[in-house]
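Trainee: how would this look folded up:
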Amino acid sequence: MSEVTDAIVAQSTREEIEETVCELLADSEAYKFAWIGAVDEPSQEVHVRTEAGVEGYLDGLTLSVDPDHPFDGGPTADALRTGTVQVTNDARSDPRFSPVRDRVNAYDFRSSAAIPIAHEGTTYGVLNVYAGREGAFRSRERAVIARLGEIVGHVIAASERKRALLSDDLVELTLRIDDLFVALDTSVDPEGWFSFDHMVPVDDGDFIVYGRATEEAVPFLRDLERVNPEWESVTVRSEGSPARYELHGVDLPVFSAIASQGGYFEDAVIEDGDLRMTLYLSPSVDVHSVLESLRHNYPQTEIRSRRQFTRSFEDVVRIRRRIVTDLTDRQRATLEAAFYAGYFEWPRDADGGAVADSMGVSPPTFHQHLRTAQRKVLQAVLSSPTVGPE
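Mentor: Presented below is the predicted three-dimensional model:
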């Protein structure tokens, strides 16, 4: 599986990732063929996205995740509905394969595994793998193949996130969710406002959110930590109005739905308990699935506006200009010296003392200039707004 993992990590698009995993599995001695499907939400039918090692097996076959459908899709549908791996160790006797028994014999497979492809609460599809031997997916191999589904989901999410960040074209959605915390037993009424300024995913489903809050909103924030199981901790980092705070959360539905599709948000503010947010997605992302994920937890989610636009190259120029103008000559020289000396390599080619010595300054002075330069560069990159057409 390490070969498969290395190969899919090297791909840059979802299509390439899916094609690569199917081709490598089908080419291996362990399996006969593989395919990946995803649910079409309006019809609830599973559509094939890619296949390898087989021709015709899926022709004319309708697979549905609707339990009331005449043929509900067998293990494929079960995997999508439950989010768990579905294994068949003898397809000739498994009743779930009864409707396609003739295909089992024609394509000469005995075992199969249907593996959900998911990451941070979003299911991207299902990977189906078939073997010519009985009992091919018992305990150890089942665990390995299940892990593959998680890896594929993670890599797809990362590729979508990168596409959204680098794409010239973006979809902008403005959302509103009224009474966001109405289901929670809070003892403090929501007053004032607090913002979600930046989100950092740190693990599957875990996030650190940095934001600001007015003095009136701080008591409500602290109360949410008490009553909301998704909010693990809230730390107020500075006093005043607005104060800066840090939120550690797990499985936060709003952020999970956005991050899993490679999106990012701006202007996320909760005022008097109502959330308004602007988020950005790659045009390749299924906006409907993002909204369905949000409405599953917050049925009151409303779209206030939607548009697609092309980012101007001037945005990049503006960021570079800001970096150049914000850095002093000494700061820029320190940053360049550290970069080209290999200070940022792992392991480092040169430590801070060596770079400082080469510049003829003391180590504390070097680190002071470097830290200031890094802060300015990161501030220019991370805080630059996305600009659409006038």
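Trainee: a helix runs through residue 54, doesn't it?
Mentor: No. Residue 54 is assigned coil when assessed by DSSP: H, G, I helix; E, B strand; the rest coil, not a helix.
Trainee: list the buried ones in stretch 126-140?
Mentor: 126-131, 136-137 (16 or more other C-beta atoms under 10 Å). Glycine gets a C-beta too; all of them are placed from N, C-alpha and C.
Trainee: mean confidence for it?
Mentor: For stretch 126-140, mean pLDDT is 93.
Trainee: sorry, back to before: determine which two of the buried residues of stretch 126-140 are furthest apart.
Mentor: Spatially, the most separated pair among those is 126 and 136, at 17.6 Å (C-beta to C-beta).
Trainee: How about the contacts made by the closest residue to residue 175 other than its chain neighbours?
Mentor: In this structure, residue 175 finds its nearest non-sequential neighbour in residue 277, 5.0 Å apart by C-beta to C-beta, 6 or more residues apart in numbering. When the contact criterion is C-beta atoms under 8 Å, 6 or more residues apart in numbering, the partners of residue 277 are 174-177, 196, 254, 265, 267-269.
Trainee: Export the residues you listed to TSV and append columns for pLDDT.
Mentor: Conversion of the contacts of residue 277 to TSV gives the following (pLDDT from 0 to 100):
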residue	pLDDT
174	96
175	95
176	96
177	94
196	92
254	85
265	86
267	82
268	93
269	95
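Trainee: Could you pick out the buried ones from the residues you listed?
Mentor: The buried subset of the contacts of residue 277 - by 16+ other C-beta under 10 Å - is 175, 177, 196, 254, 265, 268-269.
Trainee: and these, which of them are in strands?
Mentor: Under the assignment DSSP state E, those contribute 175, 177, 196, 265, 268-269 to strands.
Trainee: List the buried residues of stretch 296-311.
Mentor: Buried-residue list, stretch 296-311, by 16+ other C-beta under 10 Å: 297-298, 301, 311.
Trainee: Ok, stretch 48-64 next?
Mentor: Buried residues in stretch 48-64 (16+ other C-beta under 10 Å): 48-54, 57-58, 63-64.
Trainee: mean confidence score for that stretch?
Mentor: Here the average pLDDT along stretch 48-64 is 90.
Trainee: now swap in stretch 374-383 and tell me
Mentor: For stretch 374-383, the per-residue pLDDT averages 84.
Trainee: how about that stretch as PDB, C-alpha atoms only?
Mentor: What follows is stretch 374-383, C-alpha atoms only, in PDB (Å, rounded to 0.1, in the frame of the first residue of the first chain):
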ATOM      1  CA  GLN A 374       8.700  36.500   9.000                       C
ATOM      2  CA  ARG A 375       5.800  38.100  10.700                       C
ATOM      3  CA  LYS A 376       5.500  40.800   8.100                       C
ATOM      4  CA  VAL A 377       5.700  38.300   5.200                       C
ATOM      5  CA  LEU A 378       3.100  36.000   6.800                       C
ATOM      6  CA  GLN A 379       0.900  39.000   7.600                       C
ATOM      7  CA  ALA A 380       1.000  40.100   4.000                       C
ATOM      8  CA  VAL A 381       0.100  36.700   2.600                       C
ATOM      9  CA  LEU A 382      -2.400  35.500   5.200                       C
ATOM     10  CA  SER A 383      -4.300  38.700   5.700                       C
END
